[in-house]
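**Student:** fold the stuff below for me.
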Amino acid sequence: QVQLAESGGGSVQAGGSLRLSCKISGFSLAYYAIGWFRQAPGKEREGIACISNHDGSTYYADSVKGRFTISRDTAKNTIYLQMNGLKPEDTNFYYCTRGGCTTDGPVNYDFWGQGTQVTVSS
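**Tutor:** Residues are numbered from 1 along each chain as shown. Predicted coordinates:
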């Protein structure tokens with residue numbers, strides 16, 4: 001059974017850091033890329049980062065480039081999203097997904113985690 005489970009969300013002040021985790025099961029990171037999306041109520045979903053299963057190459061949306069870092073620990077079946085320099089506009093629900101990763105961002109995603117809330121106060 002394919003599952004993705006996010007954790008690590010919370011509330012921080014602007015300028016602070018959080019590390020989100022995405023624990024996967026039921027499939028192999030050797031065959032699927034993992035992407036991170038975020039979505040606030042009433043707003044469009046935004047693909048912010050992904051990491052390729054082929055060579056570990058990464059993609060970042062302009063909105064998070066230079067502040068967020070995606071990484072993976074294949075031994076732990078876990079993907080991380082290190083978020084530094086958080087801003088109030090980063091307040092969102094964050095999801096990890098299974099799919100592909102291109103130079104244009106995460107694609108062909110088919111399974112989602114339940115999400116984790118990140119709140120950044122000014």
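
**Student:** correct me if wrong: Val107 contacts Tyr59.
**Tutor:** No. Counting by C-beta atoms under 8 Å, Val107 stays clear of Tyr59, with 9.9 Å between them. C-beta: built from backbone N, CA, C; applies to glycine.

**Student:** need the residues touching each of the two.
**Tutor:** Taking C-beta atoms under 8 Å, 6 or more residues apart in numbering as the contact rule, Val107 and Tyr59 both touch Cys101.

**Student:** between these two, tell me which one has more neighbours.
**Tutor:** Counting neighbours by other C-beta atoms under 10 Å for Val107 and for Tyr59 shows that Tyr59 has the greater number, 21 against 15.

**Student:** which residues does Val12 contact?
**Tutor:** Val12 sits in contact with Leu18, Leu86, Val118, Thr119, Val120, Ser121, where contact means C-beta under 8 Å, 6+ apart.

**Student:** one more pass at 10 Å, please.
**Tutor:** Leu18, Met83, Leu86, Asp90, Thr91, Val118, Thr119, Val120, Ser121 (C-beta atoms under 10 Å, 6 or more residues apart in numbering).
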